[in-house]
Every structure is written in structure tokens, then in C-alpha cells.
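> Pasted the sequence and its predicted model underneath.
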Amino acid sequence: MMRIFYCLAVWCLALSTGFAAESRVVRLHAAGSLRAAVTDISKAFSQVYGVSVEATFGGSGLLADRLAAGEGGDVFASADMGNPERLTRAGKAGPTVLFARNHLCAILRPGLTATAATLLATLLDPSVKLATSTPKSDPGGDYAWAMFQKADAERPGSRATLEGKALKIGNVPGSLAIPPSAANAVAWLFREKRADIFISYCSGGSAVAADLPGITVIPLPQQLAITADYGLTILKGANQDEAAQLALFILSPIGQKILSDHGFDAPLLP
């Protein structure tokens with residue numbers, strides 16, 4: 001029933017705005033954490049429909065800002081619900097639907113050890129360097145800050161300590177920019193000794209490990225756990241036929257299975 005509801009929501013949006021002239025390219029703006037999954041989804045989609053996917057990846061907050069300012073796009077797949085809903089409220093997009101979930105993990109550099117039970121103490125250790133994505137521009141940073149708030153309930157003062165020591169990465173003022181040549185941002189931080197722990201999505205652990213063997217991925221303990229809801233919307237003025245096809249494909253069992261294979265919770269799988 002949930003799958004039917006989401007599919008109808010996306011399809012009704014396409015019908016409400018009318019189909020544009022036929023195009024063989026669909027423009028997808030997607031959260032950076034979706035890069036591997038979206039690449040595979042795009043290949044599968046193109047094989048089925050013969051339509052190319054032009055994907056743009058980045059922090060969901062920054063992508064939403066660009067789309068709100070008029071950058072052309074067809075489908076927006078965000079690492080949160082808030083940014084696509086912001087476009088909906090501004091009249092820039094149709095309804096936002098949940099298409100995936102993720103969770104936060106702590107990724108530890110090679111040689112550093114901790115367990116879920118000792119993680120908070122390790123994070124608070126003055127000698128341990130902590131890094132996160134940048135809040136507001138990237139939901140990954142917002143989720144990390146939400147975890148810091150939970151930590152405060154466990155150990156008063158933790159929030160201020162963690163926020164104060166966290167190195168924020170991103171392409172915005174006040175953040176550390178990762179060199180474009182870096183194959184993986186977290187692996188680069190560890191190699192450059194800029195961080196010992198990075199708070200990130202659990203789904204990204206395998207990519208870090210592929211670039212830098214020896215890292216450890218620790219799911220956050222229950223008292224600190226954060227769930228990330230990912231939202232999908234079709235942009236107004238988009239190539240509606242192809243946009244609706246891609247959105248439905250992401251919500252379909254094929255798209256959901258690919259998301260699951262990449263470590264996401266796929267809420268529409270049976």
C-alpha cells in the first residue's frame with residue numbers, strides 16, 4: 001500500500017504539470033551519499049528506457065539552494081526531507097516522497113580502536129580529531145549535530161565539546177574544502193592526519209574501506225542513533241515524462257533493490 005501511495009503521488013505530480021516535449025536526457029540532482037547507488041540506478045534506468053541520466057552530486061542543502069535560484073533540473077534526490085520540501089513550499093517542486101533511509105556511523109582511521117560502548121568517550125578524548133560534514137549545506141552535518149545533542153543527554157557538556165572540536169568539511173566559507181583530486185574525502189582526511197573519526201552515513205563505509213583498507217565502521221549506539229530519511233521530488237518545469245519515469249524507477253522494486261544493495265534501508269521493498 002505504501003509503495004502504491006508513493007507511486008501515485010509522483011505520477012499525479014507529473015500529470016498536474018503536463019508533459020514536456022520528448023527529451024532523451026533527464027537531469028538528476030542527488031545527495032553525494034547517493035553517488036554509488038544512483039550511478040547503478042542510472043545505468044539500469046537507461047537500459048530500460050533508453051534515456052540518459054545527467055547526474056549532479058553534492059550536499060543536499062547546497063543543491064536545494066541552486067535549484068531554488070533557478071538552476072535547471074528534473075528530479076531531486078535529497079539526503080533529507082527538509083530540503084526538497086523547502087522547494088515544494090516555494091512552488092519549485094511537486095510533493096516530496098520518502099524513498100530511502102540511512103543511518104549514522106563513526107568511521108575510524110586505521111589503527112584507532114573503539115566499540116559502540118566506548119565510542120562517546122573516544123569522541124570526547126581531547127587527543128582524538130573529529131570531522132563531520134557542514135551543517136545546513138549538507139544534511140550529514142545536521143545529523144551529526146543532532147547526534148551531539150543526544151550525547152549531551154548521556155554526558156552533560158558533550159554537545160559543546162563535540163561541536164567545538166569538529167572539523168567541518170565542505171565547499172562553503174568556514175569549512176575545509178577537499179581537493180578535487182581526492183578519490184574519497186574521508187580517506188583523504190585520514191591520510192592527511194586531519195581527522196581520526198568521521199561521523200558519516202553507514203552506507204559510505206565500504207567506499208572509504210575500498211580507498212583506505214584498515215578503517216573501522218561503528219554503528220552509533222542506540223542512545224546516540226540517528227536515522228536519515230531521504231526525500232525525492234520532481235521539479236516544476238522539468239522534462240515531466242522522463243522525470244516521472246526516473247522517479248518511479250527509483251521507487252520501483254528494481255531501484256529499491258539497488259539502494260538496498262548499497263547499504264540503504266529501502267522502505268518500499270516487500
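Here it is on my side, so go on.

> Quick check: G205 vs H103, distance?
11 Å (CB to CB, to the nearest Å). In this view, the C-beta of every residue, glycine as well, is placed from N, C-alpha and C.

> quick one: which of these two has more around it?
G205 (20 against 17; other CB atoms under 10 Å).

> For the more buried one, which non-adjacent residue is spatially closest?
Nearest non-adjacent residue to G205, counting by CB to CB, 6 or more residues apart in numbering: V217, 3.6 Å away.

> count of residues packed around S200?
A count of nearby residues for S200, using other CB under 10 Å, gives 25.

> can I see the domain layout of the chain?
2-101+229-261, 103-224 (automatic domain parsing).

> right, and the secondary structure at T88 would be what?
helix (DSSP: H, G, I helix; E, B strand; the rest coil).

> excluding its backbone neighbours, what's nearest it?
Nearest non-adjacent residue to T88, counting by CB to CB, 6+ apart: T96, 5.6 Å away.

> list the contacts for the one you found?
81, 84-85, 88, 231-233 (CB atoms under 8 Å, 6 or more residues apart in numbering).

> Could you measure from it over to I199?
As for T96, its distance to I199 is 25 Å (criterion: CB to CB).

> With A93 instead?
29 Å.

> ok, now T216?
For T216 relative to I199 (CB to CB), the value is 13 Å.

> ditto for L189
12 Å.

> which neighbours do these two share?
With contacts defined as CB under 8 Å, 6+ apart, the residues shared by L189 and I199 are A131.

> Count the residues that sit near A228.
24.

> so it sits right up against G141, yeah?
No. At 11.6 Å, A228 does not count as touching G141 under the criterion of CB atoms under 8 Å.

> So the spatially most central residue of the chain versus A151, what's the distance?
In the chain, the centroid-proximal residue (CA atoms, centre = their mean) is A79; its distance is 3.5 Å. Distance, A79 to A151, by CB to CB: 21 Å.

> per-residue pLDDT, G237?
In this model, G237 is scored at 84, pLDDT.

> Let me fix that, I meant to ask about P173.
Looking at P173, its pLDDT stands at 87.

> so how many other residues sit close to it?
For P173, the neighbour count with other CB under 10 Å is 6.

> Confirm that it lies within a helix, as I assumed.
No. With three-state DSSP as the criterion, P173 is assigned coil and is not in a helix.

> if I pick the closest residue to A177 other than its chain neighbours, what's in contact with it?
Leaving aside its sequence neighbours, A177 sits nearest to N171 (CB to CB, 6+ apart; 5.5 Å). Residues in contact with N171 (CB under 8 Å, 6+ apart) are 58-59, 62, 137, 177.
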